[in-house]
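Colleague: could you work out the structure for the sequence below:
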Amino acid sequence: MIKDIIKNAEVKMGKTISVLESDLGTMKAGRANPSMLDRIQVEYYGSMCPLSQVANVSAPEPRVLMVTPWEKPLLKDIERAILKSDLGLNPSNDGSVIRLVIAELTEETRKNLIKRVKKTGEEAKVAIRSIRRDANEKTKALKKDGDISEDETKKAEDDIQKKTDAIIKEIDNMIAVKEKEIISI
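Modeller: Just a heads-up that it's a prediction; the model follows:
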């Protein structure tokens, strides 16, 4: 039972890290990265689809993204979806591909982006702590019901805390790497 609680907490923490990686990858850092467009949804025959399912996204140059739709009629829909996004990119459509030039980051933009990165990291830490709290509550409930001893409860809580500390450290490292990337460009 305790192993299931700990394993479940580990899985949830891993998912939180994956979400954080995805969020950090979509943040514009002055360098073209195809994952920046991962969240863009395009209308395709009446339903919304991720951009990656209707077009090829590549970075032919360090500051340029190129979107090549698999069907030419989708160009306008893709362009509209990019304009609606919160990325602040201005698409250039030449009739067969869309080019997105990633602007040089100003000092103010860098500061705002770093704030966003830190906020995203803090949200991930809050989620991790919430997972820890839930796991500890489940462990205490088992002890209260008499299913496990005081020592087993203490060991389980220590294990959960160690895993939490390791994940929080990983989040801090991810945030530091992203900040360094933003500052160095």
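Colleague: what helices or strands is the strand or helix carrying K154 leaning on?
Modeller: Taking DSSP states H and E as the definition, K154 sits inside helix 150-184. Packing partners of helix 150-184 (3 or more Cβ pairs under 8 Å, 6 or more residues apart in numbering; DSSP states H and E): helix 2-26, helix 107-144. Backbone N, C-alpha and C define where each C-beta goes, glycine included.
Colleague: how far off centre is that helix?
Modeller: Relative to its chain's centre, helix 150-184 lies at 17 Å (Cα atoms, centre = their mean, to the nearest Å).
Colleague: any stretches of this structure with poor pLDDT?
Modeller: Scanning the chain with the threshold set as pLDDT under 70 gives 28-31, 185.
Colleague: so what are the domain limits for the chain?
Modeller: The record's domain parsing of the chain by automatic domain parsing lists 2-25+106-184, 31-101.
Colleague: got these as TSV, with mean neighbour count columns?
Modeller: Formatted as TSV, these follow (neighbours: other Cβ atoms under 10 Å):
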stretch	mean neighbour count
domain 2-25+106-184	15
domain 31-101	15
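Colleague: any idea how far N112 is from T106?
Modeller: Using Cβ to Cβ, to the nearest Å, we find T106 at a distance of 9 Å from N112.
Colleague: check I183 too.
Modeller: 13 Å.
Colleague: which helix or strand contains E104?
Modeller: Using DSSP H and E, E104 is not contained in any helix or strand.
Colleague: now it: how far from K118?
Modeller: For E104 relative to K118 (Cβ to Cβ), the value is 22 Å.
Colleague: likewise V54?
Modeller: When distance is defined by Cβ to Cβ, V54 is 34 Å away from K118.
Colleague: and what of Q41?
Modeller: From Q41 across to K118, the span is 27 Å (Cβ to Cβ).
Colleague: doesn't A124 make contact with V19?
Modeller: Yes - judged on Cβ atoms under 8 Å, V19 makes contact with A124 at a distance of 7.3 Å.
Colleague: who are the contact partners of D134?
Modeller: Contact analysis of D134 by Cβ atoms under 8 Å, 6 or more residues apart in numbering lists A9.
Colleague: go again using 6 Å as the cut-off
Modeller: The contact partners of D134, by Cβ atoms under 6 Å, 6 or more residues apart in numbering, come to none.
Colleague: quick check: the gap between it and A9.
Modeller: 7 Å.
Colleague: with E152 instead?
Modeller: 16 Å.
Colleague: next one: T109
Modeller: Distance from T109 to A9, by Cβ to Cβ: 37 Å.
Colleague: could you give the separation of stretch 141-160 from the chain centroid?
Modeller: Distance, stretch centre to chain centre, for stretch 141-160: 33 Å (Cα atoms, centre = their mean).
Colleague: quick one: contacts of that stretch?
Modeller: 1-2, 6, 9, 132, 135-136, 139.
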